[in-house]
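Trainee: Predicted model follows, preceded by the sequence.
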Amino acid sequence: MKVFNSMWRTATLAASLALAAISAAPASATTAGAPKYIGAAFTQGYLTSDTNAPSVSIVQGYASDIGRTSIATPPAVGTNIFDSGIKANNYFIFDISSLTEPVTSASLNYEYGAIYGTGTYRIFDATPLSLLSELYTPTMSSTDLMNALQKGTPIGSAWFVDNSNYGLLTVNLNSNGIAALNSAISHETQYFSIGGTVSPVAPAPLAGGGVLAALAAAIALLVTRGGGFLGGLPGVRKLGTA
């Protein structure tokens, strides 16, 4: 029942994107050689730093390559979504008007309903896009916005593992991210925006022994939190698994 409830909540969170994917997928989208589906059903984002109280995202959503931009809905992110060939990048906008500098460390913490597949979630500084204006008075197509969300300055990345349970994904801001956040604060920019994308590869810092450590951590997480997959519960095939 716990596994069923978790899957049901996740399906509800991603419903709008899933329906769009199913209805708009081209006939060739599921041909052999397409990348494996990976993604996440995020629900909320939190910006935390060493000098300020956590800030909750005021607007979040996604932009996809099927002409669909979603505002203030579950910010799904993925590639080859539900094996349809569709891609979506997500965004989070934070009100930083009450933050003070200098910030020396910060992180983005994302609540998720489920993670499908294994790969890397990468985030970018999307503040120069003036996202609020772009969302409500569009000047770009949904596909162009989706691409723009992953073309800013890279500000962090995190490895994730297939997981059907609710959880929290933490992405620490790198030096570029800290500089971007402090710049936004010092220039009295009211909003700090993040774009996110996923890929089936490990983040750049993981090399040599780091890869083995990441694989060990992934296996441990899968064993302890994998639910019906390895947890002795009835075998439930999770979406996005082979």
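Mentor: Yes, it's here.
Trainee: okay, CA-based contacts and neighbour counts for the rest of this
Mentor: Fine.
Trainee: Report how many residues lie close to the residue nearest to Tyr112 when sequence neighbours are not counted.
Mentor: For Tyr112, ignoring the flanking residues on the chain, the nearest one in space by C-alpha to C-alpha, 6 or more residues apart in numbering is Phe42 at 4.0 Å. Using other C-alpha atoms under 10 Å, Phe42 has 27 other residues around it.
Trainee: Run through the residues that contact Phe42.
Mentor: Pro74, Pro75, Ala76, Val77, Tyr110, Glu111, Tyr112, Gly113, Ala114 (C-alpha atoms under 8 Å, 6 or more residues apart in numbering).
Trainee: Doesn't the fifth one lie inside a strand?
Mentor: If I follow you right, that is Tyr110. Yes: the assignment for Tyr110 by DSSP: H, G, I helix; E, B strand; the rest coil puts it in a strand.
Trainee: show me the contacts for it.
Mentor: Neighbouring residues of Tyr110 by C-alpha under 8 Å, 6+ apart: Phe42, Thr43, Gln44, Gly45, Tyr46, Leu168, Leu169, Thr170.
Trainee: List just the nearest of the residues you listed to Glu188.
Mentor: For the contacts of Tyr110, the residue nearest Glu188 by C-alpha to C-alpha is Tyr46; the value is 19.8 Å.
Trainee: these two touch, right, the closest one and Asn109?
Mentor: Yes: using C-alpha atoms under 8 Å, Tyr46 and Asn109 qualify as a contacting pair, with a distance of 5.0 Å.
Trainee: ok so, going back, for the residue nearest to Tyr112, identify the helix or strand it belongs to.
Mentor: For Phe42, the element it lies in under DSSP states H and E is strand 38-49.
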